[in-house]
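Chemist: Kindly return the folded structure for what I paste below:
(chains A and B)
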Protein chains: 2
Amino acid sequence: MLSDNPGFSKRPRVVIIGAGFGGLTAAITLRKAPVDVTLLDQHNYHLFQPLLYQVATAGLSPAQIASPIRRIVARQKNVTVLMDKVVDIDPLQHEVVTATRRLPFDYLIVATGARHAYFGNDQWEEFAPGLKQIDEATEIRRRILLAFEKAETATDEAERRRLLTFIVVGGGPTGVEMAGAIAELAHRTLRRDFRHIDPTESRIILIEAGPRVLSAFPESLSQSAAEQLAKLGVTVSTGAAVTGVDATGIDLKDGSRIGAGTIIWAAGVTASPAARWLKVDSDRAGRVVVDAMLHPAGLENIFVIGDTATVTDGNGVVAPGIAPAAKQMGHYAARAIITRIAQRPVGPFKYRNYGNLATIGRKSAVADFGSFRLSGFFAWVVWCFAHIWFLIGFRNRIIVFLDWVVAYFSFARGARLITGGED
Amino acid sequence: MLSDNPGFSKRPRVVIIGAGFGGLTAAITLRKAPVDVTLLDQHNYHLFQPLLYQVATAGLSPAQIASPIRRIVARQKNVTVLMDKVVDIDPLQHEVVTATRRLPFDYLIVATGARHAYFGNDQWEEFAPGLKQIDEATEIRRRILLAFEKAETATDEAERRRLLTFIVVGGGPTGVEMAGAIAELAHRTLRRDFRHIDPTESRIILIEAGPRVLSAFPESLSQSAAEQLAKLGVTVSTGAAVTGVDATGIDLKDGSRIGAGTIIWAAGVTASPAARWLKVDSDRAGRVVVDAMLHPAGLENIFVIGDTATVTDGNGVVAPGIAPAAKQMGHYAARAIITRIAQRPVGPFKYRNYGNLATIGRKSAVADFGSFRLSGFFAWVVWCFAHIWFLIGFRNRIIVFLDWVVAYFSFARGARLITGGED
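Modeler: Predicted coordinates:
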C-alpha cells in the first residue's frame, strides 16, 4: 500500500511545503514531470486569500473561497498530499521534519506564506486579530456582528458609541477592503435590522501610520481610494501610529485614544519561520533572502517562494508580496527543477508585473496596470472578474459569482452568522 | 432611543423564546397583530435543521442553511430581536430571566427545541457528538474528514481499518441521512483523493436498537430505506443496543465491539430545560406536557410548542417532533393570542399531517403521505423541492439549488473544509 511512497521511489522527490498560490502552482506545473511530489499543508484546503476579507464581513462563506487540496490534484498521480505541520527543516540531511515524521527530499520548495506582525507587541493580537486564516476570518465576523448585538442591548450611551466604533489598523489593500466592507455592512446591509440602535451611525476608522493608504499604488490612486472610502462613510486617519491596543480601544502616538468595540489588524506581515528552520538570513520582515534562482545562500536544492522570500537582484527587491508574484515563483521553481533534471542550464527568475488591484466596497476599486490606471466602477468590474477567474474550482466560481450578483442588487450579506466561541 | 421597548408600551407584550420553525412562525404570524413581540434566541440565525446533516457531510456551507433572524423580520416593526440565553422563567411574575435581564411578558411562547439525549450517559457526547447546532455540524465534518487524513498516513493496517469505520447510532431520519451521505462521501466524492488508502473500502455502519430503521414510517418504507442504504454501501444493524462509547469505538449489548474512527449520535432527543424553568410536568423525553391549547397545566398565558412540547388529547400524542408540526403549533399559538386579545373564544390545536420525508443519499428517499407512499428517485425529487421550498431566504434557495445541481452531476462536495479545533 505504501508502494508509491516517495521514500521507495527512484524518481527525484520534490517536497512542497504550503499549498497557497505559490506551492499549488509549483505542484501543478510538475504534473507531467518525472518526479514524485509531496505537497504538505497544515490545512486540507487551498485558500483564496484575496477574498478572505469577504468572509470576515459576512459576504461569502469559507467554503466559497477554499478548495480541498486533494480535489485540486486528485487526478495528478505524481502528487501525494499530506496534511501535517512542519516544525523544522534539516537542509544538510535533506529532510523536512514534522511532529510525526521526517520527509526526505531531493528538491524542496518552501512556500509557507506570511503571518500578520505586531512589531513586537504580540499581546495586541488578542484584541486586534489579523486576517490570514479562515478561522481568523470567522472570528472577526463573530466580533463584528456581536458588536452590533451588544450595542442593541447596551443601556449606556457612551458604551453604545464605543461598540459601534470599528477600527481597522493598516491602510494596505486588506485594510482598505475591510474598512469598505464594514462600512457597507453597517450603513446598508444592517440598516433595518435593529430597533434600539441605528447601524448607519457606526463609525469605521481606518488607521494608517504612513502618509497615504495603498502606498504600493501610485499616489493618484491612493487619493482616489481615500475619496471612495470617505463616500462609503469610512474615516481615514493617515500619519497615525498605534502605540497601544487593549480590550476597549487603541492609543495613538499623538497621545489620543479611540474607544472601539472591534479592532482589526491589517498593519503588517512577517514571514513564516522558514528562515529559522533553514538557518539562513532573513530581512526585517522575516523573509528568507534568496538569489535570482530563488535559493537561500548555499542551498541549491531548496527554493523559497512567495511571501516567504525576498528576491533581490542588483536593483533591489524584484517581486511584491502578492498572489500573482507567488504563482510566478511557484511556476519558476517547478520549471527550474524540470530543467535541472533534464541537465539543462537554469536562468534567473524574472517577475512580470500584470498589475495591482484593490477593491473598496460594492462598486469601486483601484487598478494599476503600469501603463494605465483605473478607479471607480470600471476598476471594480475588472476586480470582480479577475477574482472570479482566478478562484480555483468551477463550482466555487459560479456560486461566488451568483452570490455577488445577488449581493450587488440586494445589499444582503448572506453569511451573517455568529458561530464558534462561547459568549 | 428606547421608546419602542416593550417595557414602555401599553400593547400586550409577547415574548417568544427560540427562533426555530415554531418560534419564527409565531413571530411572523403576529406581524399585523397589535402586540409588541420580543424574539429571543441564543444564536443570531434561524437554522434550517433538516439540512444540517449536509453541513456535517460537507455538502453545504453553514450560511446556506441559516438565515440571520434580524433579516427575516427586518421589516416587521413590531418585533424586537434579542440575542440572549434564557436561564429561567418566572411564570408567576410573568418574566423571562436571562443572564443580564428580566423580560416581562403578557404572553409567552416557549419554542426552545430539543437536544440529543444520551440516556444518562452524557460522557458519551465527547466521543459521539450529536447534530443539532451548526458548531456541532462543523465539528462532525472536521472529524469525518480528519479520519480520512489520519488513515492516509496510518502505518498500521488495523488502525487504518478502524479510522475508515464510521458509526452512526440511531436509525431515525437524521441517522439514515447521515449514513447515506457519509457513504456517498467515501465511495464517490473522495474516491480519487488519496494515495495510500482507498476510501471506497470505508465501512459505514448504522446502528439501530429497534427492529427497523425509520420506525415512524410504514414498514414497507423502512424496508425500502434499508435496501437503498445497502445499495449505497451502508451496513445496517438493527436490534443492536449500544452499551458503551469511547474514543476508539462502541460496545453493543450482545457483547460485541466495533472499532471506529468517527462515531455520530443520532439516537434520541431530549427537550430543552423548559419544564424545569416552568416547574411543570414533562414526559420521559423532557417535553412539557401541554393541553389541547398548548398550555402547561395552570399557565394560560404560556404556550409551549414544537419539540419542547408533548401535546396529548384523549387519543394519545397529537403531533410528531418534526418541522411542519412545530410550524403549525407556532401558527396556532400566534392566532390564539390574536383571538384572545380580540376577546373571542379559542379552539384546540389540531395537527394536520402533510406527510413525512427522509432522504437517503444523492438520489433516493422515502415519502409517506398517508394515502400514498413513494420511495426511490421520485421521492428524492419531492424531498429536494420540499426542502428548497421551505428554506427561508430567496438567496439561500437559489444557491442551495445550484449547489445541489452541481453536486448531483459531479459528486463533488464543495464544503470539505477542516476548520476549527487544534489537532
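Chemist: Please enumerate the helices of the stretch 51-200 of chain A.
Modeler: A:52-56, A:69-72, A:134-153, A:157-163, A:173-184 (DSSP state H, counting those that start in this stretch).
Chemist: Of all these, which one is nearest chain B?
Modeler: helix A:69-72 (3.8 Å; C-beta to the nearest C-beta). C-beta coordinates here come from the backbone N, C-alpha and C atoms, glycine included.
Chemist: List the buried residues for the closest one?
Modeler: A:69-72 (16 or more other C-beta atoms under 10 Å in any protein chain shown).
Chemist: now, which of these lie close to chain B?
Modeler: Counting by C-beta under 8 Å from any C-beta of the partner chain, A:70-71 from these sit close to chain B.
Chemist: So what does the residue nearest the centre of chain A look like in phi/psi?
Modeler: Among the residues of chain A, residue A:49 comes closest to the average C-alpha position under C-alpha atoms, centre = their mean, at 4.1 Å. Main-chain dihedrals, residue A:49, degrees, to the nearest 10: phi -60, psi -30.
Chemist: re the thing from before, just so I know, which of the helices of the stretch 51-200 of chain A lies nearest residue A:201?
Modeler: helix A:157-163 (8.3 Å; C-beta to C-beta).
Chemist: contact partners of that closest one?
Modeler: Helix A:157-163 is contacted from outside by A:147-148, A:150-151, A:154, A:197, A:203, A:248-249, A:259-261, using C-beta atoms under 8 Å, 6 or more residues apart in numbering or on different chains.
Chemist: switch the cut-off to 6 Å
Modeler: When contacts are defined by C-beta atoms under 6 Å, 6 or more residues apart in numbering or on different chains, helix A:157-163 is touched by residues A:147, A:150-151, A:154, A:259, A:261.
Chemist: burial of the closest residue to chain B within the stretch 201-350 of chain A, as a residue count?
Modeler: Of all residues in the stretch 201-350 of chain A, residue A:201 sits closest to chain B, at 10.5 Å by C-beta to the nearest C-beta. A count of nearby residues for residue A:201, using other C-beta atoms under 10 Å in any protein chain shown, gives 13.
Chemist: same question, the one 5 residues further on
Modeler: Neighbour count of residue A:206, defined by other C-beta under 10 Å: 28.
Chemist: which stretch of helix or strand covers it?
Modeler: strand A:203-208 (DSSP states H and E).
Chemist: got the angle for that strand vs helix A:173-184?
Modeler: 170 degrees (axes from the mean of the first three to the mean of the last three C-alpha atoms, to 10 degrees).
Chemist: so what strands line up beside strand A:203-208?
Modeler: strand A:165-169 (parallel), strand A:234-238 (parallel) (DSSP bridges).
Chemist: a markdown table please, covering those strands and showing mean pLDDT.
Modeler: Output for the strands paired with strand A:203-208, formatted as a markdown table (pLDDT from 0 to 100):
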| stretch | mean pLDDT |
| --- | --- |
| strand A:165-169 | 98 |
| strand A:234-238 | 97 |
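Chemist: Single out the most deeply packed of those strands.
Modeler: Among the strands paired with strand A:203-208, the stretch with the highest mean neighbour count (mean count of other C-beta atoms under 10 Å in any protein chain shown) is strand A:165-169, at a mean of 26.
Chemist: of all the strands paired with strand A:203-208, which lies closest to residue A:382?
Modeler: The closest of the strands paired with strand A:203-208 to residue A:382 is strand A:234-238. By C-beta to C-beta, the value is 21.8 Å.
Chemist: got a list of contacts for the closest one?
Modeler: Residues contacting strand A:234-238 (C-beta under 6 Å, 6+ apart): A:179, A:183, A:204-208, A:211-212, A:226, A:229.
Chemist: per-domain residue ranges of chain A.
Modeler: Per automatic domain parsing, the structural domains of chain A span A:6-116+A:270-341, A:122-267.
Chemist: distance of residue A:352 from chain B?
Modeler: Per C-beta to the nearest C-beta, to the nearest Å, residue A:352 is found 32 Å from chain B.
Chemist: for residue A:115, same thing?
Modeler: 16 Å.
Chemist: That residue bridge partners, please.
Modeler: On the basis of DSSP bridges, residue A:115 is bridged to residue A:270.
Chemist: What is the burial count for it?
Modeler: So residue A:115, with other C-beta under 10 Å, has 18 neighbours.
Chemist: Let me see the ranges of the strands in the stretch 151-300 of chain A.
Modeler: Remark: strands assigned in the stretch 151-300 of chain A by DSSP state E, counting those that start in this stretch are A:165-169, A:203-208, A:234-238, A:242-246, A:249-252, A:257-259, A:262-265, A:269-271, A:288-290.
Chemist: Mind checking what secondary structure residue A:38 has?
Modeler: strand (DSSP: H, G, I helix; E, B strand; the rest coil).
Chemist: gap between residue A:172 and chain B?
Modeler: In terms of C-beta to the nearest C-beta, residue A:172 sits 25 Å off from chain B.
Chemist: Residue A:318 is in contact with residue A:325, correct?
Modeler: No: in this structure residue A:325 lies outside contact range of residue A:318 using C-beta atoms under 6 Å: 8.8 Å.
Chemist: Counting neighbours, go ahead and name the busier of these two.
Modeler: With neighbours defined as other C-beta under 10 Å, residue A:325 and residue A:318 compare such that residue A:325 has more, 23 against 19.
Chemist: list the contacts for that one?
Modeler: By C-beta under 6 Å, 6+ apart, the neighbours of residue A:325 are residue A:319.
Chemist: residue contacts, the residue of the stretch 101-250 of chain A found nearest chain B?
Modeler: Here the stretch 101-250 of chain A gets closest to chain B at one residue, residue A:193, 3.8 Å apart by C-beta to the nearest C-beta. By C-beta under 6 Å, 6+ apart, the contact list for residue A:193 reads B:70, B:74.
Chemist: hmm, 8 Å instead?
Modeler: Listed by C-beta under 8 Å, 6+ apart, the contact set of residue A:193 reads A:148, A:199, B:68, B:70-71, B:74, B:81.
Chemist: ditto for residue A:110
Modeler: A:17-18, A:89, A:274, A:278, A:288, A:302-305, A:308-309.
Chemist: quick one: which of those residues is most hemmed in?
Modeler: Going by other C-beta under 10 Å, residue A:305 tops those with 35 neighbours.
Chemist: That one: what's its closest spatial neighbour, skipping adjacent residues?
Modeler: The spatially closest residue to residue A:305, leaving aside those adjacent along the chain, is residue A:329, at 3.6 Å (C-beta to C-beta, 6 or more residues apart in numbering or on different chains).
Chemist: Now name the helix or strand holding that neighbour.
Modeler: Take DSSP H and E as the rule and residue A:329 turns out to sit in helix A:323-341.
Chemist: circling back: weakest of the domains of chain A in terms of mean pLDDT?
Modeler: Lowest mean pLDDT within the domains of chain A: domain A:6-116+A:270-341, a mean of 91.
Chemist: before we move on, back to that, nearest to residue B:114 among the strands of the stretch 151-300 of chain A would be which one?
Modeler: Comparing the strands of the stretch 151-300 of chain A by C-beta to C-beta, strand A:262-265 comes nearest, at 34.1 Å.
Chemist: Partner strands of that closest one, with direction?
Modeler: Here strand A:262-265 is paired, per DSSP bridges, with strand A:165-169 (parallel).
Chemist: what's the strand it pairs with in contact with?
Modeler: A:128, A:144, A:147, A:175, A:178-179, A:182, A:186, A:202-207, A:242, A:245, A:249-250, A:258-267.
Chemist: The residue nearest to residue A:375 when sequence neighbours are not counted: what's it in contact with?
Modeler: Ranked by C-beta to C-beta, 6+ apart and with sequence neighbours excluded, the top spatial neighbour of residue A:375 is residue A:224, at 4.0 Å. Each residue near residue A:224 by C-beta under 8 Å, 6+ apart is listed here: A:366, A:375-376.
Chemist: top of these by neighbour count?
Modeler: Highest neighbour count within the contacts of residue A:224: residue A:366, with 29 neighbours (other C-beta under 10 Å).
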